[in-house]
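Asker: How does the following fold in three dimensions:
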Amino acid sequence: MSVPLRVLVIDDEKGLRDMLCYGLRRMKFEVDTAENGEKGIARALAGGFDVVICDVMMPGLDGMAVLEMLKREEPGLEIIMVTGIPDDEMAARALKLGAFDYLGKPYDLTVLFDLIEKAGARRRLSIS
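Answerer: From the prediction side, this is the model:
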């Protein structure tokens, strides 16, 4: 049996974090969460994650700053950006900074799970 993908959810909305945790665990992912950018960066850099799901709009360090810092510190980490206010310019910027993908909320969980699987596979290939 393969080792489950480890996913970190960084989002300031508790309800969304809880819902994602529940869904991701049901899909057999290992999940941890952070309620803001600062804690998210600390957890992500503590290591062991395959994929990070990060909200774009958060108080304090926003998702784009988190993306930039994580990609600088750990370039192989795969990061999926999510936002309640989809914006083509922001999506282009996120992808240019190295995001694996960019999803508008509300998103279809099956689409997100599929993206996590693909991002996790790419991550594991890069470290094997």
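Asker: Check the offset of stretch 18-25 from the chain's centre.
Answerer: 13 Å (C-alpha atoms, centre = their mean, to the nearest Å).
Asker: again, but for stretch 42-53
Answerer: So, by C-alpha atoms, centre = their mean, the centroid of stretch 42-53 is 9 Å from its chain's centroid.
Asker: So, low pLDDT: which residues of this protein?
Answerer: In the predicted model of the chain, residues 1, 128 satisfy pLDDT under 70.
Asker: quick one: the strands in it?
Answerer: Under the criterion DSSP state E, the chain contains strands at 6-10, 30-34, 51-55, 78-83, 101-104.
Asker: Need those in CSV (columns: mean neighbour count).
Answerer: For the C-beta atoms, the positions are set from N, CA and C on the backbone; glycine is no exception. Formatted as CSV, those follow (neighbours: other C-beta atoms under 10 Å):
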stretch, mean neighbour count
strand 6-10, 24
strand 30-34, 19
strand 51-55, 26
strand 78-83, 24
strand 101-104, 18
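Asker: Tell me which of those lies nearest to Ala91.
Answerer: strand 101-104 (4.1 Å; C-beta to C-beta).
Asker: Parallel or antiparallel, which strands does that closest one pair with?
Answerer: Partners of strand 101-104 in the sheet, by DSSP bridges, are strand 78-83 (parallel).
Asker: could I get the partner strand in PDB with only the CA atoms?
Answerer: Extracted in PDB, the C-alpha atoms of strand 78-83 (Å, rounded to 0.1, in the frame of the first residue of the first chain):
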ATOM      1  CA  GLU A  78       3.100  21.800  -4.800                       C
ATOM      2  CA  ILE A  79       0.700  24.600  -3.900                       C
ATOM      3  CA  ILE A  80      -2.900  24.900  -5.000                       C
ATOM      4  CA  MET A  81      -4.300  28.400  -4.600                       C
ATOM      5  CA  VAL A  82      -8.000  28.900  -3.900                       C
ATOM      6  CA  THR A  83     -10.100  32.100  -3.700                       C
END
